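A.B. asks: what follows is a predicted structure for the sequence shown.
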Amino acid sequence: MTGLELGKAHVDLGELVEAREVFLSVARIPIASDETDKSARSRAEAAELADQLQPRIATLVVTVTGSPNDDGVRVSVDDVTTPLVAHVSVRRTNPGPHTVVVGAGDRARKEVITVAEGETKNVTLAVPPAPEPAAAPPPARREITKLTWAALGVGAAGLALGGVAGGLAIGKAHDVDRQCEGLHCLPSAKEAVDDGRTWATLSTIGFAVAAAGLVTAAVVYFALPRHTKQARFGGLLDASF
C-alpha cells in the first residue's frame, strides 16, 4: 500500500487528522532526479487532499477553571496529554465523541465531548476541589470513673474514722492524766488506758485506709487512658445497636 492509499484509508475510517498527516508526509517527499510522472502526480494529489481535509478537521478548545494557575493541572483527550497554556488547551481532532479528562493530583473530572466535522467546540471544565482537611478531634480529657469515686469514698471514710478515733484517743489520754498522779493511778484508769489504745489503733487504721483509698483513686485517674467526646459517643452508638 502506498502512502496515498494509506491516507485515503484513514479518510474512509473518519480519521481525518491521521489522513492529513499521511498526505502531508507524501507531499513533502523530496523530488528525486529520476522521479517518474506517477510519483509527481501522487505528490501533487497528496498535497491537494491535505488541503481539502484542513477545514474538515474539528477543533476542541478546553478551558480549565478551579485552579489559580496551570501548575500541576493536566488535560488529556482520548488518553493523550494536551498542552495547557493560560488555562486553555487546544487540540485538533477527528469528528465524533472524545473523552476529555481535567485533573490535578489525585482529583480528576471526565467528560465525553462530541464534535462535528469542521466544528470548533469550546468546553469549560473545572478541576474538582481539594477535599477539606479533616476536623481536628476534640481535646482528650480524663474521666472520673466509678472506681475512682469508690476509692475516693473509701479514702474519705478512712479520714473520718481516723479523725474521730484519734479525737477519742486523745480524750482517753486526758482521762488517764486526771486519774493519775505521778506513777500512782486509780483502778479506773486502766479502763481508760485500754480504751485509749483501742481508739488510737482504730485511728491509725483509719488514716491508713484513707491513704490507700486516695492513692488508689490517683492511680486509677492518671493511669487510665484519656477519652475524647467522639470516642464516648461512638461507644454509646455501638451499645445502642
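C.D. replies: Alright, I've got the coordinates.
A.B. asks: surely residue 153 is within a strand?
C.D. replies: No - counting by DSSP: H, G, I helix; E, B strand; the rest coil, residue 153 is not found in a strand; it is helix.
A.B. asks: just the pLDDT for it.
C.D. replies: According to the prediction, residue 153 has pLDDT 81.
A.B. asks: how close does it get to residue 209?
C.D. replies: The gap separating residue 153 from residue 209 is 11 Å, by C-beta to C-beta, to the nearest Å. C-beta here means a position set from N, CA and C on the backbone, and glycine is covered the same way.
A.B. asks: with residue 99 instead?
C.D. replies: Counting by C-beta to C-beta, the gap from residue 99 to residue 209 is 79 Å.
A.B. asks: more crowded one of those two?
C.D. replies: Looking at residue 99 and residue 209 with other C-beta atoms under 10 Å, you find the greater number of neighbours at residue 209, namely 17 against 12.
A.B. asks: excluding its backbone neighbours, what's nearest the more buried one?
C.D. replies: Of all residues not flanking residue 209 in the chain, residue 158 sits nearest, at 3.3 Å (C-beta to C-beta, 6 or more residues apart in numbering).
A.B. asks: number of nearby residues for that neighbour?
C.D. replies: Using other C-beta under 10 Å, the number of residues around residue 158 comes to 20.
A.B. asks: so what pLDDT did it get?
C.D. replies: pLDDT, residue 158: 70.
A.B. asks: so it, which of the three states?
C.D. replies: helix.
A.B. asks: ditto for the one 10 residues further on
C.D. replies: Here residue 168 is recorded as helix under three-state DSSP.
A.B. asks: how far away is it from residue 187?
C.D. replies: As defined by C-beta to C-beta, residue 168 lies at a distance of 21 Å from residue 187.
A.B. asks: neighbour count for these two, which is higher?
C.D. replies: Comparing residue 168 with residue 187 by other C-beta under 10 Å, the one with more neighbours is residue 168, at 17 against 7.
A.B. asks: if I look at the more buried one, how far off is residue 202?
C.D. replies: Per C-beta to C-beta, residue 168 is found 8 Å from residue 202.
A.B. asks: what about residue 127, neighbour count?
C.D. replies: The local packing of residue 127 (other C-beta under 10 Å) involves 21 other residues.
A.B. asks: ok, the one 3 residues further on next?
C.D. replies: In terms of burial, residue 130 registers 11 neighbours under the definition other C-beta under 10 Å.
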